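In: sharing a model prediction with you, sequence too.
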Amino acid sequence: MARYKHIDTGPRFLAVDLERQLLPGSFEHALHHLIDHEIDLTGFDARYKNDLTGAAAYPPGMLLKVVLFAYSQGIVSSRAIERACREHVTFIALCGDSAPHFTTLAAFVGSLAGEIAALFARVLYLCDRQGLIGRQMFAIDGVKLPSNAAKQRSGTRAEFERQAAKLEAAARSMLERHRAEDARGIEPDLAEKSAQRIARLERDAAQIRRWLTDNPEDRKGAKGSVRKSNRSDNESAKMATDKGVVQGYCGVAAVDAKHQIIVEAQAWGTGSEQALLLPVVAAAAPHMSGQTLITADAGYH
């Protein structure tokens, strides 16, 4: 009977050159080189005010490396990225075995809006310099993405007014019942539960009233119609998908045919694609040649 060596894949201590774990020709090697040597990250410096006081911050380049590599692997959770930076050798190499906390990663990603456009433009420039953008055909398509907002918080101002009035009426009814029970000698634990429910009803009604004060007009849709607002994320919209109705955005991308490089990406708070074609075409125009063919499916007709 054949005998084989035992292959042990369990934990062990090894002397590892971290940079050599990024193999030339791999995505992580290219990412490491480009962020360190090609992409200008000085725009991130203004976010930090610790020149003379305060603790040293994690370098934005390192955070970008682990976040972008995580996205390439389908990892989109800050906690999962933190765990990978402690357990996966490629992530350990990219972060220099520093294992940033998930709150650091979440805060970094959550505040990228001001710098992401310039970073995206620089990446496109590097792709073009490498001959990866053919400009023969751009394909435009979209996908409906859920946002971090509840569908139950969507509605028009009139609907929110009715919700607030209903909550206030329920709170008044509960208060009257509470007073009546107090007069009869209600048990302490039931009185506490009743008070908590009243407080919750009043708090919810007050939140709706504050939102109505801060947003004095309904959102306008196509042809002057009223679009439903959302109190959690007012730029998102209710959209029908093949998996039911979601509260979210319609993400649209224009992709070059040669190597599937995304040359333009946008997010819109509407479920209707017809109005989104021209804005994407206009935004992608600087990357086109005079002969570039634009394709889009029937949803944009």
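Out: Received it, and whenever you're ready, just let me know what you need. Residues are numbered from 1 along each chain as shown.
In: can you give me the strands in this protein?
Out: 137-146, 154-155, 219-220, 226-227, 229-230, 237-241, 244-256, 262-268, 293-296 (DSSP state E).
In: a markdown table for the ones you listed, including mean pLDDT, distance to residue 37 and mean neighbour count?
Out: Heads up, the C-betas are built off the backbone N, CA and C, glycines and all. A markdown table is the format used below for the strands of the chain (pLDDT from 0 to 100; distance: least, Cβ to Cβ, whole Å; neighbours: other Cβ atoms under 10 Å):
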| stretch | mean pLDDT | distance to residue 37 | mean neighbour count |
| --- | --- | --- | --- |
| strand 137-146 | 90 | 29 | 17 |
| strand 154-155 | 72 | 47 | 20 |
| strand 219-220 | 72 | 45 | 14 |
| strand 226-227 | 71 | 46 | 14 |
| strand 229-230 | 76 | 43 | 23 |
| strand 237-241 | 81 | 42 | 17 |
| strand 244-256 | 89 | 24 | 19 |
| strand 262-268 | 89 | 23 | 17 |
| strand 293-296 | 94 | 34 | 14 |
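In: what's the closest of the ones you listed to residue 97?
Out: Taking Cβ to Cβ, strand 262-268 is the member of the strands of the chain nearest to residue 97, at 31.7 Å.
In: alpha carbons of that closest one, as CSV, please.
Out: Extracted C-alpha coordinates of strand 262-268, given in CSV (Å, rounded to 0.1, in the frame of the first residue of the first chain):
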residue,chain,number,x,y,z
ILE,A,262,-15.2,50.9,-16.1
VAL,A,263,-14.8,54.4,-17.6
GLU,A,264,-17.8,56.0,-15.8
ALA,A,265,-20.0,55.0,-12.8
GLN,A,266,-22.9,56.7,-11.3
ALA,A,267,-25.6,56.1,-8.7
TRP,A,268,-29.2,57.5,-9.0
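In: just to revisit the earlier point, let's have the strands of the chain in JSON lines, adding distance to residue 64.
Out: What follows is these, written out as JSON lines (distance: least, Cβ to Cβ, whole Å):
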{"stretch": "strand 137-146", "distance to residue 64": "22"}
{"stretch": "strand 154-155", "distance to residue 64": "34"}
{"stretch": "strand 219-220", "distance to residue 64": "35"}
{"stretch": "strand 226-227", "distance to residue 64": "36"}
{"stretch": "strand 229-230", "distance to residue 64": "31"}
{"stretch": "strand 237-241", "distance to residue 64": "30"}
{"stretch": "strand 244-256", "distance to residue 64": "20"}
{"stretch": "strand 262-268", "distance to residue 64": "17"}
{"stretch": "strand 293-296", "distance to residue 64": "31"}
